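Enquirer: here's a sequence, model it:
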Amino acid sequence: MAPGHASPGDAIPGQASPGRQGGQLLANLIHFGRLLRRLGIGASGEQTATLNRALSHLALDRRCDVKAAARAVYLSRREQQPLFDRAFDLFFHPQHRAGAGLDLGRLLHRSTQVEQRKIAPLATAAEGEPSREAEQPVIEPNFTFSQRELLRHKDFAELTAEEAGQLQDLLRRFPLTLDRRRTRRHQRARRGREFDLRRTLRTSLRRGGECSQLAWKRRKTKPRPLVVLCDVSGSMEGYSRILLQFLYAAGNRVARYQAFAFGTRLTCLTRQLAHRDVDSALKQAAAAVVDWGGGTRIGEALHRFNYDWGRRVLGQGAVVLLISDGWDRGDTALLESEIARLHRSCERLIWLNPLLGQPGYQPLTRGMVAALPHVDDFLPVHNLASLEQLAKALQYLS
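Expert: Next up, the predicted model:
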């Protein structure tokens, strides 16, 4: 039977009996997801879990129903369907259904020659080489696997050394612009709602006192200052180094910028991160933080910031980014009073928590419980996609 036209009665291998899940079905779905990722079709672990739950409501002896469910879960583009159908027919081949509980991943791993013979046409199509089969689908370049797309959604704590280097290159070109604030001063405008009487009268004197043209004005705007407070304690170890690179990128994009790191004490990093060379800047910043990887006393750090730096850096509509997971060993009452003071002193207080990107996370630590009533926005900061979400939020604050 030709690929893509499987009979409804062809059972999916791995089930214990028709209509029931069992055996190696979940393991086979995981292997199938890996195969899809190799072919450029996004297949996350969450999608695989969703498909596994969906199959519990289907009869596994109806191959067409299982295939339709897999399409609905994995596919996001119509152009991916021909390649998906061939991958499905290759992996869940009817000849494997005789062995209940069969691990298809191990089977394909043992049958190296069979795997290479069947996977090779798909791989060559992905590279743009001509295939021997006339009906072989060709993968369009727009839908191939993208390393950048993988990095956008991968948690910072799970990055390898190579991926961290690639992410650093992306952060150097990271677009970050802040919303501009309106000042009390005015400037000329071609048209508007505010009438400029003084300039209108001054212009009329040149025409013998005749007001033949009206003048208009509008408020001047200035970029808001940005202040970043980053937690570098032991609980933030997996995120601190990547976030330090984000601090450096933000300093190069924002005109008025101040950066601080805190654990058990507060350290100003603005001067270190102002270095032109990114490697030298990050090295100097890491050397300046003496409590890196230690404990966390958020209340004491905010107390020191409010009384030593608040009046100097929080004027003119400043935006404050506080990056922390909320694990605090200090005085909770002090934290609540100091973050309330910080909230009154700035235009907007945004708390960025890397744990917020994890499924099922609840802000139940005593630090988060005390701080959240005084926070304007509570956002995740666990991957590049969350940073892009933050950049969009900073553009439209008013």
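Enquirer: ok, now which ones touch L335?
Expert: Contacts for L335 (C-beta atoms under 8 Å, 6 or more residues apart in numbering) come out as 298-299, 302, 328, 367, 370-371. From N, CA and C alone the C-beta is placed, and that goes for glycine too.
Enquirer: what's the helix or strand for it?
Expert: helix 332-345 (DSSP states H and E).
Enquirer: in stretch 360-375, what counts as buried?
Expert: Residues of stretch 360-375 classed as buried: 363, 365, 367-368, 370-371, 374-375 (neighbour count, 16 or more other C-beta atoms under 10 Å).
Enquirer: which of the contacts of L335 fall in strands?
Expert: Among these, none falls in strands (DSSP state E).
Enquirer: quick one: low-confidence parts of the stretch 51-200 of the chain?
Expert: Applying pLDDT under 70 to the stretch 51-200 of the chain picks out residues 93-148, 179.
Enquirer: let me see the contact set for the closest residue to V313 other than its chain neighbours.
Expert: Nearest non-adjacent residue to V313, counting by C-beta to C-beta, 6 or more residues apart in numbering: Q258, 4.6 Å away. Residues in contact with Q258 (C-beta under 8 Å, 6+ apart) are 225-228, 268, 270, 309, 313.
Enquirer: how does it look with 7 Å?
Expert: Contact analysis of Q258 by C-beta atoms under 7 Å, 6 or more residues apart in numbering lists 227, 270, 313.
Enquirer: so it, which state does it fall into?
Expert: strand (DSSP: H, G, I helix; E, B strand; the rest coil).
Enquirer: from L247, how far out is it?
Expert: As judged by C-beta to C-beta, to the nearest Å, Q258 and L247 stand 10 Å apart.
Enquirer: if we can go back for a sec, pLDDT on the helix holding L335, on average?
Expert: Averaging pLDDT along helix 332-345 gives 92.
Enquirer: what is the distance between that helix and the centre of its chain?
Expert: 28 Å (C-alpha atoms, centre = their mean, to the nearest Å).
Enquirer: what about stretch 379-388, how long is it end to end?
Expert: End-to-end span of stretch 379-388 (C-alpha to C-alpha, to the nearest Å): 11 Å.
Enquirer: in it, what's buried?
Expert: Residues 379-384, 386-387 are the ones in stretch 379-388 that count as buried (16+ other C-beta under 10 Å).
Enquirer: can I get the residues you listed in CSV including pLDDT, distance to C346 and secondary structure?
Expert: Shown next, in CSV, are these (pLDDT from 0 to 100; distance: C-beta to C-beta, whole Å; DSSP: H, G, I helix; E, B strand; the rest coil):
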residue, pLDDT, distance to C346, secondary structure
L379, 90, 16, strand
P380, 90, 21, strand
V381, 88, 18, coil
H382, 86, 24, coil
N383, 87, 26, coil
L384, 86, 26, helix
S386, 87, 21, helix
L387, 86, 20, helix
